[in-house]
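J.: build the 3D model from these lines:
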Amino acid sequence: MHVARLSLTDYRNYRTAELAFEPGATVIVGRNGQGKTNLVESIGYLATLGSHRVSSDQALIRAGADAAVVRAVLSHGGREVLLELQLNRQGANRAQVNRAAAKPRDLPRYAHTVLFAPEDLAIVRGEPSVRRRMLDGLLVQRIPRLAGVMADYERVLKQRNSLLKSARARGLAAAQLTTLDIWDERLVGLGAELIDRRLELVDELREPLAAAYRSIVDADHRPELQPVLSIDGADPDDETTDAASGGTATALEAAADRPGTAERFAAALTALRRRELERGVTLAGPHRDDVLLLLNGLPAKGYASHGESWSFALALRLASAELLRRDSATGDPVLVLDDVFAELDRRRRERLAAAIGEYEQVLITAAVLEDVPEPLAGRVIHIDAGRVVDAPTDPGADVTLEAEASGV
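T.: Model (predicted):
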């Protein structure tokens, strides 16, 4: 799959933008702050329903505008699909697929991307929320309906936390909160599926992760992934907890040796109820889980060097791309490298370029063209202050992507 054309209206610093792309590598060049990352961010949003830079859609809408529109034509095997997304300041976002009304969460069925960015170093060195977001973004692309499950889980979690806060303020005891059992049941039903899907994903990532790491480093540092589950007693968000210790790290175990996920989740909520009432917050569930990253048996966070941390982060992205490539009926995912080469030494640049060279489409942003390995720098687009100042053109792009009068 590749992005054939991209159109933006009132997205970030772009009033309008029209670009045509081809298979292979394309470099988007511009000084920092000109808008090159905004272009690839919009493509990534179609695949993951989120930005790799901000958590709120409001930041994606140009100042003074009521809505932003992203349109992309994706091509595979001679077939094209037009995806359109309208991000609204007020009201729900809207989407279309080939001009037919759709839900935004339907878009990842068609768009698959893997984005490499400087922020990826936080996957190794940052908070558990960063690793959760990485796993969930990949899950949504592989199983699009999980976007709805995640949204439903967040709504139930918010309602449950609101009830806990209210009970704490009113000094109510656990026995007086009969409605909490209802929210527990809903939370467990949604959360258990998310936990199980993450565990499956972690298991599937192991082999491609090891292969990707070797391709970047040319050494076997035994990169490993180990789930850390709050329903089994771990508290990844507690900075005083050693996630690598035997008491909190929870590697995959045989299902026959312990109760199922839903049963363990429900038992954890029961055991934690008094503490939850004291703190006014839900203390177990997929929103508090983590995955421990190990190199040579030691936690990468805290023990890995800067270069090793970068290699681990890059290997995770390459492993994600490999899984999407295996799953997809529409070809390779689009690889997006957002100003990554500037962060790497020459050896890692060359190894990464070799590892991604066979993918159908690679989109690269760079402030300095010389940072990009020569094999990837054949086609170049120049960006300046939210304008495309030098790019290949497609005579049919304006007609194909012309907005309907009613909008998306």
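J.: for the residue nearest to the spatial centre of the chain, which residues are in contact?
T.: For the chain, the residue whose C-alpha lies nearest the mean C-alpha position (C-alpha atoms, centre = their mean) is G137; its distance is 3.2 Å. Applying C-beta atoms under 8 Å, 6 or more residues apart in numbering, we find G137 in contact with 48, 50. C-beta: built from backbone N, CA, C; applies to glycine.
J.: sec struct for it, please.
T.: The local conformation at G137, judged by DSSP: H, G, I helix; E, B strand; the rest coil, is helix.
J.: run the chain-centre distance for the top helix by length along the chain.
T.: The residue-count maximum for a helix in the chain (DSSP state H) belongs to helix 180-217. Distance of helix 180-217 from the chain centroid (C-alpha atoms, centre = their mean, to the nearest Å) equals 13 Å.
J.: mean confidence score for it?
T.: Regarding helix 180-217, the rounded mean pLDDT is 96.
J.: next helix or strand past it?
T.: Next in sequence after helix 180-217, counting helices and strands by DSSP states H and E, comes strand 224-228.
J.: pLDDT below threshold where in the protein?
T.: 173-176, 237-257, 391-408 (pLDDT under 70).
J.: for it, which segments count as helices?
T.: So, for the chain - with DSSP H - the helices run 36-48, 121-125, 128-142, 146-170, 180-217, 261-279, 300-303, 306-327, 346-356, 397-400.
J.: turn these into a markdown table, including distance to G78.
T.: Written out in a markdown table, the entries for the helices of the chain read as follows (distance: least, C-beta to C-beta, whole Å):
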| stretch | distance to G78 |
| --- | --- |
| helix 36-48 | 21 |
| helix 121-125 | 36 |
| helix 128-142 | 23 |
| helix 146-170 | 29 |
| helix 180-217 | 29 |
| helix 261-279 | 43 |
| helix 300-303 | 43 |
| helix 306-327 | 19 |
| helix 346-356 | 24 |
| helix 397-400 | 15 |
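J.: just the ones you listed: most buried one?
T.: By mean neighbour count, with neighbours taken as mean count of other C-beta atoms under 10 Å, helix 36-48 ranks first of the helices of the chain at a mean of 24.
J.: tell me how far that one lies from the chain's centre.
T.: Going by C-alpha atoms, centre = their mean, the spacing between the C-alpha centre of helix 36-48 and its chain's C-alpha centre is 11 Å.
J.: could you list the residues in contact with that helix?
T.: By C-beta under 8 Å, 6+ apart, the surrounding residues in contact with helix 36-48 are 3, 6, 8, 11-14, 17, 19, 28-30, 51-53, 60, 70, 72, 83, 85, 107-108, 110-113, 115, 137, 140-141, 333-334, 336, 338-339, 363, 365-366, 383, 386.
J.: what do you get for stretch 203-215?
T.: Stretch 203-215 is contacted from outside by 220-225, 252, 311-312, 314-316, 318-320, 322-323, 351, 354-355, using C-beta under 8 Å, 6+ apart.
J.: do that again at 7 Å, thanks
T.: Residues external to stretch 203-215 that are found in contact with it (C-beta atoms under 7 Å, 6 or more residues apart in numbering): 220-221, 223, 225, 252, 311-312, 315-316, 318-319, 322-323, 351, 355.
J.: now, which of those residues sits nearest I231?
T.: Proximity to I231 was ranked across these by C-beta to C-beta; first place goes to L252, at 13.8 Å.
J.: from A315, how far off is the nearest residue to G30 once chain neighbours are set aside?
T.: Leaving aside its sequence neighbours, G30 sits nearest to I383 (C-beta to C-beta, 6 or more residues apart in numbering; 3.5 Å). Per C-beta to C-beta, to the nearest Å, I383 is found 29 Å from A315.
J.: go on, L352?
T.: In this structure, L352 lies at 10 Å from A315, with C-beta to C-beta as the measure.
J.: anything in contact with each of those two?
T.: With contacts taken as C-beta under 7 Å, 6+ apart, the residues that reach both L352 and A315 are I216.
J.: number of nearby residues for the residue lying closest to G148 once chain neighbours are set aside?
T.: Closest residue in space to G148, ignoring its immediate chain neighbours: R105 at 5.7 Å, by C-beta to C-beta, 6+ apart. The criterion is other C-beta atoms under 10 Å. On that basis, R105 has 19 neighbouring residues.
J.: kindly report the same for A385.
T.: Look at A385: counted by other C-beta under 10 Å, it has 12 neighbours.
J.: surely it and N32 touch.
T.: No - using C-beta atoms under 7 Å, A385 makes no contact with N32, being 11.9 Å away.
J.: ok so, going back, closest to G64 among the contacts of stretch 203-215?
T.: Within those, proximity to G64 (C-beta to C-beta) peaks at L316, which comes in at 38.2 Å.
J.: do you know how far the closest one is from F116?
T.: Taking C-beta to C-beta, one finds L316 at 10 Å from F116.
J.: could you do E374 as well?
T.: 19 Å.
J.: so for these two, which residue has more residues nearby?
T.: Set side by side, E374 and F116 show more neighbours around F116, with 26 against 9, by other C-beta under 10 Å.
J.: who are the contact partners of that one?
T.: Contacts here follow C-beta under 7 Å, 6+ apart; on that basis F116 touches 314, 317, 336-338, 340.
J.: as JSON lines, the residues you listed with distance to R89 would be great.
T.: As requested, the contacts of F116 are exported to JSON lines (distance: C-beta to C-beta, whole Å):
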{"residue": "L314", "distance to R89": "36"}
{"residue": "R317", "distance to R89": "32"}
{"residue": "V336", "distance to R89": "26"}
{"residue": "L337", "distance to R89": "31"}
{"residue": "D338", "distance to R89": "25"}
{"residue": "V340", "distance to R89": "32"}
